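Visitor: here is a sequence with its predicted model. Questions after.
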Amino acid sequence: MRPEPGQVLHFSEDPTITRFVPRVSPTSKDPGAFVWAVDAVRAPDYWFPKQCPRAMAWVTPDTSPSDRERIIGPGGGDRVHAIEYDWLEEIRNVRLYVYRFESTFFRPIGEPVPRAHVAEEPVEPLGPPELVGDLLALHAEAGIQLRVLDILWPYWETITSSTCGFNGIRLRNSLGHPAHRPEARPRTLLGQAGSGGAAVGRQREGSTGQRGESYH
């Protein structure tokens, strides 16, 4: 699930949004009110339930052979996504949707490599949302490893000290996070998903409005 040329995407578990309104994100380090979207390169970062903590690593021109072997491993392409077992059932069952937008309304954000695209005015999608479908199959079709771990945090610490490119999203929801709180644990443990955990990475969203309008 990637954008067509001239498009960017926004992933959501809410299929009722008809208009996206900029807002200040509580999990973003970027000041300002934005509508967030991603291009084809960063779309795989969001092939997950929104609150699912994930650590992602990929090979770059600067990645050393030893780090490629240690972080990515043999037989798995150039990219790996890691999650925790407590989120596997949610990944299998979530109904995730994607909204498509004209890219002309958005600008890249992030240096030196953009990690997202943002709009600073309200925008409407090109059409109704599309159901993303089987997220495990989506990873397989894209040749992306999906690695399932007991605890995500040690792997995150390993990739952030490597020469691989990396990104982490909703990491505060992961077991072992230094700021871990009971309310931030996965729904399979406590019956509801927690919040928090901005996206961070080397090359490196929450709705509060009325139904039919998203403040992203």
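Guide: Noted; the coordinates are in hand.

Visitor: wait, Ile83 touches Met56, no?
Guide: No. Assessed by CB atoms under 8 Å, Ile83 is found out of contact with Met56, at 9.8 Å. (Glycine included, C-beta is placed from N, CA and C.)

Visitor: all helices for this protein, in order.
Guide: 65-67, 88-93, 135-142, 153-160, 187-190 (DSSP state H).

Visitor: closest to Arg79 out of those?
Guide: helix 135-142 (8.1 Å; CB to CB).

Visitor: extract the C-alpha set from the closest one and format it as CSV.
Guide: Extracted in CSV, the C-alpha atoms of helix 135-142 (Å, rounded to 0.1, in the frame of the first residue of the first chain):
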residue,chain,number,x,y,z
LEU,A,135,-0.6,-6.2,7.3
LEU,A,136,1.6,-9.3,7.5
ALA,A,137,1.0,-10.1,3.8
LEU,A,138,1.8,-6.5,3.0
HIS,A,139,5.2,-6.8,4.7
ALA,A,140,5.9,-10.1,2.9
GLU,A,141,5.0,-8.7,-0.5
ALA,A,142,7.3,-5.7,0.1
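
Visitor: ok, residues contacting it?
Guide: Contact partners of helix 135-142, identified using CB atoms under 8 Å, 6 or more residues apart in numbering, comprise 1, 44, 47-48, 81, 91-92, 94, 96, 132, 145-146.

Visitor: dump those to CSV, plus distance to His139.
Guide: What follows is those, written out as CSV (distance: CB to CB, whole Å):
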residue, distance to His139
Met1, 11
Pro44, 8
Trp47, 7
Phe48, 10
His81, 7
Ile91, 9
Arg92, 12
Val94, 14
Leu96, 13
Val132, 12
Gln145, 8
Leu146, 5
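
Visitor: which one (most neighbours) among those residues?
Guide: Counting neighbours by other CB atoms under 10 Å, Phe48 comes out on top of the contacts of helix 135-142 with 24 neighbours.
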